[in-house]
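Provide a 3D model corresponding to the input given below.
(6 chains)
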Protein chains: 4
Amino acid sequence: MSPRTPEQFREMRGQSREKILQSALDLFATKGYHVTSIEQLAKQAKVSKGLIYNYFHSKQTILEELIRIGLEEIDRISAETHEISDPAERLCRQFDLFGGLLRGNEAYWRLYTQLLTQPTVLETVQHRFGTFLEAQLEQMQELLAAVGFENSSIEARILAAVLDGIGFHYFIDETYPLDEVLTHLKMRYCGGN
Amino acid sequence: MSPRTPEQFREMRGQSREKILQSALDLFATKGYHVTSIEQLAKQAKVSKGLIYNYFHSKQTILEELIRIGLEEIDRISAETHEISDPAERLCRQFDLFGGLLRGNEAYWRLYTQLLTQPTVLETVQHRFGTFLEAQLEQMQELLAAVGFENSSIEARILAAVLDGIGFHYFIDETYPLDEVLTHLKMRYCGGN
Amino acid sequence: MSPRTPEQFREMRGQSREKILQSALDLFATKGYHVTSIEQLAKQAKVSKGLIYNYFHSKQTILEELIRIGLEEIDRISAETHEISDPAERLCRQFDLFGGLLRGNEAYWRLYTQLLTQPTVLETVQHRFGTFLEAQLEQMQELLAAVGFENSSIEARILAAVLDGIGFHYFIDETYPLDEVLTHLKMRYCGGN
Amino acid sequence: MSPRTPEQFREMRGQSREKILQSALDLFATKGYHVTSIEQLAKQAKVSKGLIYNYFHSKQTILEELIRIGLEEIDRISAETHEISDPAERLCRQFDLFGGLLRGNEAYWRLYTQLLTQPTVLETVQHRFGTFLEAQLEQMQELLAAVGFENSSIEARILAAVLDGIGFHYFIDETYPLDEVLTHLKMRYCGGN
DNA sequence: GATGAATGAGTATTCATTCAT
DNA sequence: CATGAATGAATACTCATTCAT
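You can find the predicted model right below:
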């Protein structure tokens, strides 16, 4: 009945939605959520202002969708290590994954950091982050204990701090020696393998 | 803002200008710079909107002044350690100072973190932060080398990351065991004294 | 809209165009013309937005078409009385017709009232209503004169006012005793037969 | 302290607020609430768009305030008749007041009629109108009974319908013979005095 | 005939800033 | 020094309308 098949429509929708999300991630991360206007977003996505509202209910909805996608991605990536049984190896692998995350998802990282430091933006999201970080912490504690660290609770806090601190510096300083720092850490925490 | 407000507020007391700065720090830090309106600021400072423009040329000027005061204060505080000649002791003292800074200047810390992750806000300020952080890094490297760490360059990076990471977590998590973590760090880096 | 939808909907049945008109009448009358969006209309008519523009040039055109159909129907209905020669009987019959109109065409009635009180909507339509009302007035005046009223000009004004006022109240108040009021009127104006 | 005295400020506020309300009444009544934009309103009131929001929280708030003022005015006017003890005289006086209301408050009358026929605009206001109209009805019923009408309940309905119908026609037809119609009504209902 | 993605002008509202007093 | 009324550009969002298929 319809001259464009439903399949075609789905395709169109998918592409536009993707363009919008991609541009939003870019702009929110580099300029900031509040500073990015829908007009700018539309321009960058090469899409009309109105179209954005065909796909997202509001500016905030776009942000929430970005968060959702990002957390999902992180979950997916970190799930890769679950099969590794040796704790030291698994710990080591975590560092690699972390480095990969930083490099491959700069924008997401920036965005998360902003959201976490800007209480007003998204209370719902802050809670999700909170629980996510707690889970990460707990996992690290277990690994550190398994590897032989005493006082694994505090050690996990420190390791988490190191990683987030590194992420922080990495995005402030474009010349940050990420590889060297991570290699050094691996030596300390998992024998460098 | 906080009752435990320390010395940097010698600069701000009683007078309108100081009330404005104080309220601005509070609001910018807790709600975010962009989300805070001049109207809110005026209300919180119990001052008329117009008066704010007698003291500051613009909203951004207020922010810049806050940054200036804050950095100055940090300089002043960290200068206290310069007289200590023993590197280990001096390093240890740095940790104490850091803890004190976090606790006594939550608002500043929050504000800085926000600014650093939101490139758009203040390009001029970012440069100042950049050089400040570099100086800190260099100082730490020297201390670590003096204390006996090999590869002090990377170790300094890691230490800086730990500290900033701790600051990050401290403000996300109200129950963060700051003292324990710092004590643990002192054991690792300066023999715990 | 209403299940008791009468004859004027012979024009509208089954086909898309009719579904559109039907839904438009319903929505315009209950929500208001300006507040009803084409999207809502399409949804209610179970038709695509685009299709609406195959049948009507614009939103306003739909309204105009509704008016046309409605006025035509009223003409058709009131024409039924033209064959009655006895003025009293004819007058009485008019009351019955009026009651039937109110009950059978709530939506139209609402719509007309809205349009008449909102000058901006449709200037063209207002003229048509004006002449229609004048014609009604004149007809009533003749009947009232024939039945024996002195000062039939003013009496016609009053009768017209009563009827429109009743219509007004009928739609404001869902419990309006329409039958009793009309019966009472028939006693006054045409001996109640 | 303030160079403009509080009194001066109050004066300014009052004047601007009045200009806005006056223009809003005018525009809402003649063009319709939805069709009137804040921009138009600002222009007509010779005031900036922003200023309107210094005085009213939203467009709807302006409407609500207009309603409030209008109902208050009607109450005030109709209270004038309460002192008259003779029912016939009081009834007669009501007609005069009604005529005066129509002539002196065209805009309000228009506005009310619109609101009552446009369910979507203001549900809160519709309730207030409902109770107001009921009270009017009851009062009329008492007067009619006192004057000697049988079946005063229905008669009150009819009288209310006549009046609202007259109001309706008066605003549709600029040449409406309001005085003659009212005089005629007075003859019927209260002996014409 | 029929679809719904896409457009862009238009709307209500906010807010940093100015200014008369 | 101090006030708050006033401004207008900017913003998020809506919606009638178009158009490729």
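
quick one: contacts of stretch A:75-84?
A:90, A:93-94, A:97, A:100-101 (Cβ atoms under 8 Å, 6 or more residues apart in numbering or on different chains). The C-beta positions use only the backbone N, C-alpha and C, and glycine is treated the same way.

Give me the buried subset of those.
Burial by neighbour count, judged by 16 or more other Cβ atoms under 10 Å in any protein chain shown, picks out A:90, A:93-94, A:101 from the contacts of stretch A:75-84.

just these now: which is nearest residue D:44?
Closest approach to residue D:44 among these (Cβ to Cβ): residue A:101, at 58.1 Å.

That closest one: what's it in contact with?
Residue A:101 neighbours (Cβ under 8 Å, 6+ apart): A:74, A:77, A:109.

pLDDT on whichever strand or helix holds it, on average?
Assessed by DSSP states H and E, residue A:101 sits inside helix A:87-104. Mean per-residue pLDDT for helix A:87-104: 90.

could you point out which element follows it?
By DSSP H and E, the next helix or strand past helix A:87-104 is helix A:106-117.

Mind checking if that next one is in reach of chain B?
Yes - for a cut-off given as Cβ under 8 Å from any Cβ of the partner chain, helix A:106-117 has contacts with chain B, namely A:110, A:113-114, A:116-117.

List the buried residues of that helix.
So helix A:106-117, judged by 16+ other Cβ under 10 Å, has buried residues A:107-117.

can you check stretch A:171-188 too?
A:171-172, A:176, A:178, A:181-182, A:184-186.

Show me the subset of the residues you listed that also lies near chain B.
A:171-172, A:176, A:181, A:184-185.

With pLDDT added, can I get these in TSV?
TSV is the format used below for these (pLDDT from 0 to 100):
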residue	pLDDT
A:171	83
A:172	83
A:176	93
A:181	96
A:184	94
A:185	93
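
can you pull the pLDDT of residue A:119?
69.

Could you show which parts of chain A are in contact with chain B?
Residues of chain A lying near chain B (Cβ under 8 Å from any Cβ): A:30-32, A:34-35, A:110, A:113-114, A:116-121, A:129-130, A:133, A:151, A:154-155, A:157-158, A:160-166, A:168-169, A:171-173, A:176-177, A:180-181, A:184-185.

Can you give me the domain boundaries for chain A?
What the record gives for chain A is the domain set A:1-56, A:65-190, from automatic domain parsing.

Is there proximity between the shortest one and DNA strand F?
Yes - judged by Cβ under 7 Å from any atom of the strand, domain A:1-56 comes into contact with DNA strand F through A:2-4, A:8, A:36-39, A:49-50, A:53.

Just the angle for the helix or strand harbouring residue A:168 relative to helix B:106-117, thanks.
Using DSSP H and E, residue A:168 sits in helix A:152-172. Helix A:152-172 runs at 50 degrees relative to helix B:106-117, counting by axes from the mean of the first three to the mean of the last three Cα atoms, to 10 degrees.

angle of helix A:152-172 against helix A:87-104?
20 degrees.

tell me what helix A:152-172 is packed against?
Helices and strands touching helix A:152-172, as assessed by 3 or more Cβ pairs under 8 Å, 6 or more residues apart in numbering or on different chains; DSSP states H and E, comprise helix A:87-104, helix A:106-117, helix A:123-147, helix A:178-190, helix B:106-117, helix B:123-147, helix B:152-172, helix B:178-190.

picking up where we left off before, just the closest of the buried ones among the contacts of stretch A:75-84 to DNA strand E, please.
Of all those, residue A:101 has the smallest distance to DNA strand E: 30.9 Å, by Cβ to the nearest atom of the strand.

And the closest one, how close does it get to chain D?
45 Å (Cβ to the nearest Cβ, to the nearest Å).

Does the helix or strand harbouring residue A:18 reach DNA strand E?
Secondary structure from DSSP H and E places residue A:18 in helix A:6-31. Yes - against DNA strand E, helix A:6-31 shows contacts by Cβ under 7 Å from any atom of the strand at A:6, A:9, A:12-13, A:15-16.

Mind giving me the packing neighbours of that helix?
Short answer (3+ Cβ pairs under 8 Å, 6+ apart): helix A:6-31 packs on helix A:38-45, helix A:49-55, helix A:59-79, helix A:106-117.

Where does pLDDT dip in chain A?
Along chain A, the parts satisfying pLDDT under 70 run over A:1-2, A:119-123, A:192-193.

which two in the buried residues of stretch A:171-188 are spaced the farthest apart?
A:172 and A:186 (22.9 Å).

neighbouring contacts of stretch A:177-192?
With Cβ under 8 Å, 6+ apart as the criterion, stretch A:177-192 contacts A:88-89, A:91-92, A:95-96, A:98-99, A:102-103, A:144, A:147, A:159, A:162, A:166, A:170, A:193, B:151, B:154-155, B:157-158, B:161.

For residue A:83, the count of nearby residues, please.
Residue A:83 has 8 neighbouring residues, counting by other Cβ atoms under 10 Å in any protein chain shown.

no, scratch that, I was asking about residue A:18
Neighbours of residue A:18 using other Cβ under 10 Å come to 12.

From residue A:107, how far out is it?
In this structure, residue A:18 and residue A:107 are 14 Å apart, going by Cβ to Cβ, to the nearest Å.

Kindly report the same for residue A:58.
For residue A:58 relative to residue A:107 (Cβ to Cβ), the value is 21 Å.

How about residue A:146: what's its closest non-neighbour residue?
residue A:87 (3.6 Å; Cβ to Cβ, 6 or more residues apart in numbering or on different chains).

for residue A:107, that is, sorry about that
Here the residue nearest residue A:107, using Cβ to Cβ, 6+ apart, is residue A:29, at 3.9 Å.

Backbone dihedrals for the residue in chain A that chain D sits nearest to, please?
Proximity of chain A to chain D (Cβ to the nearest Cβ) peaks at residue A:58, 18.6 Å away. Residue A:58 adopts backbone torsions of phi -160, psi 170, taken as degrees, to the nearest 10.

So what's the residue count around it?
Counted with other Cβ under 10 Å, residue A:58 comes out at 11.

list the contacts for the nearest residue to residue A:51 once chain neighbours are set aside?
Closest residue to residue A:51 apart from its sequence neighbours, by Cβ to Cβ, 6+ apart: residue A:16 at 6.2 Å. With contacts defined as Cβ under 8 Å, 6+ apart, residue A:16 is in contact with A:45, A:47, A:51, A:54-55.

hey, which of the helices and strands packed on helix A:6-31 is tucked in deepest?
The highest mean neighbour count among these, using mean count of other Cβ atoms under 10 Å in any protein chain shown, belongs to helix A:106-117: a mean of 21.

Which residues does that helix contact?
So helix A:106-117 is contacted by A:25-26, A:28-30, A:32-33, A:63, A:66-67, A:70, A:73, A:101-102, A:121-122, A:125-126, A:129, A:167-168, A:171, B:110, B:113-114, B:117-118, B:168, B:171-172 (Cβ under 8 Å, 6+ apart).

and that helix with helix A:123-147, angle?
110 degrees.

Dump helix A:106-117 to CSV, restricted to CA.
Output of helix A:106-117 as CSV, limited to C-alpha atoms (Å, rounded to 0.1, in the frame of the first residue of the first chain):
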residue,chain,number,x,y,z
GLU,A,106,36.6,9.8,24.4
ALA,A,107,33.3,11.5,23.9
TYR,A,108,31.4,9.2,26.2
TRP,A,109,34.1,9.5,28.9
ARG,A,110,33.9,13.3,28.7
LEU,A,111,30.2,13.3,28.9
TYR,A,112,30.1,11.0,31.9
THR,A,113,32.6,13.1,33.8
GLN,A,114,30.6,16.2,33.1
LEU,A,115,27.3,14.6,34.2
LEU,A,116,28.8,13.3,37.4
THR,A,117,30.2,16.7,38.4
